[in-house]
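Q: compute the structure for the input listed below.
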Amino acid sequence: MVRGFCRIAAAAGLALLAACGGGGSSEAPPTNNPPPPPPPITKVEAFRFLNQATFGPTDATAQQVITQRYEAWIDGQLAQPASLQLDEVQAAFALLSRPVMNVGQLHQDRVAAWFSNSVRGPDQLRQRVAFALSETMVVSEVALNQYPWAVADYYDMLARNAFGDFRKLLEDVTLHPAMGVYLSMLGNQKPNLALNIRPDENYARELMQLFSIGLVELNPDGTTRLDTQGQPIPTFDQAVIEGFAHVYTGWSWAGAVNFGQARATIANQVQPMQAYPEQHDTGSKRVLSYPGAALTIIPGGQTPQKDLADALDNIFNHPNVGPFIARRLILRLVTSNPSPEYVSRIARVFNNDGNGRRGNLGAVVRAILLDAEARNASTNATHGKTKEPLIRLTQLWRAYDASSGSGVLTIPGASFIFGQGPLQAQSVFNFFSPFYAPPGEIAAGGLVAPELQIATEYLNTQVTNYFFATAVCYVPQPLSFCPVVRPETVIIDTAAELALAGNPPALVDKVADRLLAGQIPASLRTAAIAQVERAPVSLPTLRVAEAIFLISTSPDYVVQP
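A: Numbering: from 1, shown residues only. Purely as a prediction, here's the structure:
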């Protein structure tokens, strides 16, 4: 009877060994076989990942991803310190012969530092996320020509915060003098009806509309919440804009004795704005109302610092912030049309990184890149995105180890050629809208393609011509009609391709391997080989140029799958 019960108990997994005569058993303990190792990462998969996480894949970085795997590569990038721009601007200023007259030209040095960090920087993921943030929380050289230190430091601030706390990022953006000048919070005075002075509402509106929550309430998956009439629910009204505008009064350049004497200097262009209580409105202020809001009215009588902290906490904890930021970063890194489920998964990480922390951008970026929708190759025609023109260029430069005689990587007037340049947007709305849908099939399908807003006939021609010039002239052996290569001319290293110029199929395959991880459609390969063969064997540079030009301007290169 006891033995029978013991057999039944053992079968049921009951812990009755002592009652059943000890731990002896004739049965072998079950073995826990370890899970099989994950399949190896292919070069195509590594390229796809690096197109999302860097300024362009290279053979070397692809091998790193293959060896380390995605998670370890990301962890290594999260630990990389930021490559910065401000030092380059300061060094260039010291060399100016007439600094007062020529201070605006320091933006050229700032842009050169951006290219250098984007193409050569070891912190590729941080720089890519900083670029994404710079297209969300926009300031622009266009309105800040006399403040090159502030503009450089603003980008550096985004880079330092790229994997940090979103609440801190909100505060650093708000108090940065570049933003203060750009959206006119700096010098914002308290109301004075006798003098017809009213607080400026510019920053109050754009911080909510463009930087954090958007115009309408969102579901956790980023879709629009609707009222009982089927209409979108606004996130804020004019009273809330005015409330925040009053919060942002009394801030100006740091270091002055009082508000009226605050002036820009080189030093305070890179310091947070200072509060001057004499120009801060101390009345109560209406802020955002939503379920769980700690307050909807900021009480009167508080300091400028306390008002600002309460206001930014109010925005940071709004339920829209998670899906809003999740979608913005997904659009810039992975795909223009993420599924609601993808947005929802990333928004959950924003709301709680697994350790109870809200707004952990490092965890958010990691989740975006490791999500199944990012990693699994999709045959869905709506997946992927168009590469931004600047990223098409940096990928080419990285793939071909671009260099110059001067050691500087840059293109004068890049924004006029590519329709965009680092912190050179024409307005706070960026180079393109995240909601832009080209007329036709994309718009009819309810989809968006933001980057195509700057794909005008003029700019497409400019970009294509520049890629042709790069392939033909900005190489070690330019053709005879090319301009003289100057020390500042950026050239690409095509030595390996030149060695294959007599073998068109091998040449085309080599270029495709560098730029497409070898994934070249048969039709493109056939066309490229035919074009190479049209060039005389005696002109190897032209043969190489034809292959690079056709592949680097093809849809297969321009579209990020």
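Q: look up how far Ala53 lies from Ala372.
A: 16 Å (Cβ to Cβ, to the nearest Å). Every residue, glycine included, has its C-beta placed from N, CA and C.
Q: the two: which is more packed in?
A: Using other Cβ atoms under 10 Å, the more surrounded residue of Ala372 and Ala53 is Ala53, with 24 against 10.
Q: per-residue confidence for the closest residue to the more buried one other than its chain neighbours?
A: Spatial nearest neighbour of Ala53, chain neighbours left out: Leu125 (5.1 Å); criterion: Cβ to Cβ, 6 or more residues apart in numbering. If you check Leu125, the pLDDT there is 98.
Q: what sits against Leu125?
A: 53-54, 74, 77-78, 80, 365 (Cβ atoms under 8 Å, 6 or more residues apart in numbering).
Q: closest one to Ala275 out of those, please.
A: Of all the contacts of Leu125, Val365 has the smallest distance to Ala275: 32.3 Å, by Cβ to Cβ.
Q: element containing that closest one, please.
A: helix 361-370 (DSSP states H and E).
Q: just the C-alphas of that helix, formatted as PDB.
A: What follows is helix 361-370 as a C-alpha-only set of coordinates in PDB (Å, rounded to 0.1, in the frame of the first residue of the first chain):
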ATOM      1  CA  LEU A 361      15.900  56.000 -23.600                       C
ATOM      2  CA  GLY A 362      18.700  53.400 -23.700                       C
ATOM      3  CA  ALA A 363      16.200  50.700 -22.900                       C
ATOM      4  CA  VAL A 364      13.800  52.200 -25.500                       C
ATOM      5  CA  VAL A 365      16.400  52.200 -28.300                       C
ATOM      6  CA  ARG A 366      17.500  48.600 -27.400                       C
ATOM      7  CA  ALA A 367      13.900  47.500 -27.500                       C
ATOM      8  CA  ILE A 368      13.300  49.200 -30.900                       C
ATOM      9  CA  LEU A 369      16.300  47.400 -32.500                       C
ATOM     10  CA  LEU A 370      15.700  44.000 -31.000                       C
END
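Q: neighbouring contacts of stretch 263-272?
A: Against stretch 263-272 from outside (Cβ under 8 Å, 6+ apart): 86, 93, 147, 149-150, 153, 172, 175-178, 253-256.
Q: got a winner among the residues you listed for most neighbours?
A: Pro177 (29 neighbours).
Q: skipping adjacent residues, who's closest to it in space?
A: Ala150 (5.1 Å).
Q: give me the element that neighbour is part of.
A: Going by DSSP H and E, Ala150 is part of helix 148-161.
Q: immediately after the lengthiest helix in the chain, which helix or strand?
A: The residue-count maximum for a helix in the chain (DSSP state H) belongs to helix 59-78. Where DSSP H and E defines the elements, the next helix or strand beyond helix 59-78 is helix 86-93.
Q: what's the angle from that next one to helix 148-161?
A: 160 degrees (axes from the mean of the first three to the mean of the last three Cα atoms, to 10 degrees).
Q: how distant is helix 86-93 from the center of its chain?
A: 24 Å (Cα atoms, centre = their mean, to the nearest Å).
Q: what does it contact?
A: Counting by Cβ under 8 Å, 6+ apart, 99, 103, 106, 109-110, 112-113, 116, 148-149, 152-153, 156, 266, 270 sit against helix 86-93.
Q: just the buried ones from the residues you listed?
A: Buried by 16 or more other Cβ atoms under 10 Å: 103, 106, 109-110, 112-113, 116, 148-149, 152-153, 156, 270, out of the contacts of helix 86-93.
Q: CSV for these, including distance to Leu550 and pLDDT?
A: Listed next are those as CSV, based on distance: Cβ to Cβ, whole Å; pLDDT from 0 to 100:
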residue, distance to Leu550, pLDDT
Val103, 43, 92
Leu106, 38, 96
Asp109, 35, 96
Arg110, 34, 97
Ala112, 29, 97
Ala113, 32, 98
Ser116, 29, 97
Pro148, 39, 97
Trp149, 43, 98
Ala152, 37, 98
Asp153, 41, 98
Asp156, 38, 98
Val270, 45, 98
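Q: closest to the centroid, which residue in the protein?
A: Ala132 (2.0 Å; Cα atoms, centre = their mean).
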